[in-house]
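Colleague: Generate coordinates for the sequence data below:
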Amino acid sequence: MSNGDEADDVFSSVTEIIELSRQVVADERWELQFIPFSLFLSGVVSRRREEKALALRLMTALERECYGKTTATMRRLLEIIYDKQQATTGSGKQDLEVDWLEVMERSGLRLVMFGM
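Modeller: Residues are numbered from 1 along each chain as shown. As a prediction, the model looks like this:
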């Protein structure tokens, strides 16, 4: 499998996760606690602006319904990452050149522990 095929698989999976998240929200399956972080990462990695916007709207719905502070942190961090990605693409670079862990560390928002 070539790198191009692997990248296509990743982006296809990102779309599937965002669509699954849409269904979770539509069906009010709030007990599925693995959804917010998967949705967060999919929003970071997605190449499509409409998917990114949908991921953010879904994250807001998850936050509002039951997931609380952690989901609120993910949503805020996703907004910051999107801003950085837009600035990056405006200068001719790719969205994925924005390191979400670095953005997290600089923002002071904490989702994961690392560098211990």
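
Colleague: From here on, just use CA atoms for contacts and neighbour counts.
Modeller: Will do.

Colleague: Now name the helix or strand holding Thr73.
Modeller: helix 68-90 (DSSP states H and E).

Colleague: What residues sit buried inside that helix?
Modeller: Residues 71-82, 84-86, 88 are the ones in helix 68-90 that count as buried (16 or more other C-alpha atoms under 10 Å).

Colleague: between the next helix or strand after that helix and helix 68-90, how many degrees?
Modeller: Following helix 68-90 in sequence order, the next helix or strand is helix 100-107 (DSSP H and E). Counting by axes from the mean of the first three to the mean of the last three C-alpha atoms, to 10 degrees, helix 100-107 lies at 110 degrees to helix 68-90.

Colleague: Low-confidence ranges, this protein, go.
Modeller: For the chain, the stretches flagged by pLDDT under 70 are 1-4, 67, 112-116.

Colleague: please redo it, this time with the cut-off set to 50
Modeller: For the chain, the stretches with pLDDT under 50 are 116.

Colleague: related to what we said a few turns ago, and the helix holding Thr73, how far from the chain's centre?
Modeller: 8 Å (C-alpha atoms, centre = their mean, to the nearest Å).

Colleague: So what touches that helix?
Modeller: Identification of contacts with helix 68-90 by C-alpha atoms under 8 Å, 6 or more residues apart in numbering yields 36-37, 40, 43-44, 56, 59-60, 62-63, 94-98, 100, 103-104, 107, 109-111.

Colleague: how about a cut-off of 7 Å?
Modeller: The contact list for helix 68-90, computed with C-alpha atoms under 7 Å, 6 or more residues apart in numbering, reads 36, 40, 44, 56, 59-60, 63, 94-95, 98, 100, 103-104, 109.

Colleague: go on, stretch 29-46?
Modeller: 11, 14, 17-18, 21, 52, 55, 59, 66, 71, 74, 78, 96.

Colleague: Kindly recompute the last result at 6 Å.
Modeller: Val14, Lys52, Ala55 (C-alpha atoms under 6 Å, 6 or more residues apart in numbering).
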